[in-house]
Structure formats: C-alpha cells, structure tokens
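Engineer: Make a model of this:
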Amino acid sequence: MELISVGIEGLNKLIGGGIPRRTILLLSGVPGVGKTVFCQQFIYEGLKNGEYGIYLTMDESPEDVKERMKIFGWDVTEYEKKGQLVFIDCYSWRLGELSGSKSRFALSSPTDINQLNRIVIEGQREVQKFSDKGRVVLDSLSTLVMYAGLEPVFKFTQVFAARAKQQNNTGLLVLEEGVHDEKLSNALQYTTDGVIEFKMYEDDSNIKRQLRILRMKFAKHFANWVDFEITDNGITIK
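Structural biologist: Next up, the predicted model:
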C-alpha cells in the first residue's frame, strides 16, 4: 500500500512512514489548536509532490486561506493558476459577495447539499486534468452542520468520502470539538478511516499543544499523545 507524506516533521514516523493513500481522516479538536494549519500543510506537501489539491473552505474566503498559507512559506499561487489546486468557496455567500468571489467554484447556500455535491464534482474534473491522484480538505464540517443539519451532512460526508477514495484521493475532514454532541463525532468516526485528535492546555503560563492518532486503518501507529508546535514553517513534532 502506498504511503504519502503528511508534510509534518516527526508525524510520518508515528504512522509507519505516512498516511495510506485513499484514506479519509477526521481531525478533531478545540478551535485554534492547529487543525487548519495541519490541513494546509498537508495540501501543500501534496502539491509539491505532483498531486492535485481540492480545498473546501467554510470559515474564511479562499483569498484569506492563501494569505495565511504564505505566512508559513506555502505560496500556492502558481499551483492554482495551472489548475493543480482548486478552492471551493463555501464562505463568500455569507458576506453577500458571491458574485464577486474569485473562485470558479462558489457555493450560493450552505443548506444546498445537492449544489455542494455538484461543485465538488466539477472541481474534481478540473484538477484531474493535471494528475490522477490528489488530496482533499473540508474545513470544517462543524460549520456545514450548523447550517445544513446533522443528517444531510452525514449523508454528504458518506458520499464525499466514497467519491474521494474512488478518485484516488486522500482527505482530511475537520470537526470542532465542544461545538456538537457526541452523536456527530461518533457518526463521522464511523464514516472515516481514522481520527487524529488535537488538544491544548496551559503549562507554566505557556500554551501547549498535543495530538494523537486515535485510529487509522491499514497503518501501524502510536496512539500516545505527542507534543507539537506551530512554527514559522508550520507544525513540527519533536
């Protein structure tokens, strides 16, 4: 089975060399812990290695995502220009600026799951012109659930994950801890191939961050909590 690099120093060792291709993982943790940075680092690593990327952004505009990525040295401008990366804009509708969205793939309403499915398919067709394998990120499911409801989002996630695997994609789905009840988390864990948990705590007035591989199919991994930091180069694990 092919293993792909996460792009995070130290993490590949914890999962036996990398994430198995065609795996869909759930990232769960409190807001601000580093899940989005993890996703962006994951996508950028794939782009560097010749894979395509599909990034569904629910909580900020594609432009803001790209600017934040530049902070860590991950400039995706050229990848987007040549069709290796597409952003699916699920944010601009709330600003009343959908017509001005710079993304060709923009959602007009977060309650319209059918439209979201169509846009994802269109984005997939676009990037498949570049490569036959890629990475997908949905950040975050929590926001989608807030607008569309648990049951429709759960059904969408099942279809999204199955289609991603069929198209030779490896994916990350983000879930905010403490925002929903355990029913959603349990349902999504059933749908996905593994779970990476994140947590934050204060130690001597310093914020500490940890993650653990709670579950991952088809891969050996350590389930212990490990410390990580968010540096100028992204997430690092000592």
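
Engineer: Which is the succeeding secondary structure element to the least confident helix or strand in the chain by mean pLDDT?
Structural biologist: Of all helical and strand segments in the chain, the minimum by mean pLDDT, DSSP states H and E falls on helix 182-191, at a mean of 79. Moving toward the C-terminus from helix 182-191, the next helix or strand (DSSP states H and E) is strand 194-203.

Engineer: re the thing from before, taking their axis directions, the least confident helix or strand of the chain and strand 194-203 sit at what angle?
Structural biologist: On the basis of axes from the mean of the first three to the mean of the last three Cα atoms, to 10 degrees, helix 182-191 is oriented at 130 degrees to strand 194-203.

Engineer: Can you give me the buried ones in helix 182-191?
Structural biologist: 184, 187-189, 191 (16 or more other Cβ atoms under 10 Å). Using the backbone N, CA and C atoms, a C-beta is placed for each residue, glycine as well.

Engineer: Can you list the residue ranges for helices in the protein?
Structural biologist: Per DSSP state H, the chain carries helices over the ranges 11-14, 35-48, 62-71, 77-81, 113-127, 141-148, 150-166, 182-191.

Engineer: Which pLDDT value belongs to the spatially closest residue to Gly7 that is not a sequence neighbour?
Structural biologist: In space, Gly7 comes closest to Glu45 once its chain neighbours are excluded; the distance is 2.8 Å by Cβ to Cβ, 6 or more residues apart in numbering. Per-residue pLDDT puts Glu45 at 98.

Engineer: what do you get for the one 10 residues further on?
Structural biologist: Looking at Tyr55, its pLDDT reads 98.

Engineer: what's the neighbour count on it?
Structural biologist: 26 (other Cβ atoms under 10 Å).

Engineer: ok, now which ones touch it?
Structural biologist: 39, 43, 62, 65, 85-88, 136-137, 139 (Cβ atoms under 8 Å, 6 or more residues apart in numbering).

Engineer: any chance of the residues you listed in TSV, plus distance to Phe105 and neighbour count?
Structural biologist: Shown next, in TSV, are the contacts of Tyr55 (distance: Cβ to Cβ, whole Å; neighbours: other Cβ atoms under 10 Å):
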residue	distance to Phe105	neighbour count
Cys39	17	24
Ile43	15	27
Pro62	9	25
Val65	14	23
Leu85	11	28
Val86	6	27
Phe87	7	26
Ile88	5	24
Val136	13	29
Val137	14	25
Asp139	15	26
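
Engineer: and which of those residues is nearest to Asp203?
Structural biologist: Cys39 (25.7 Å; Cβ to Cβ).
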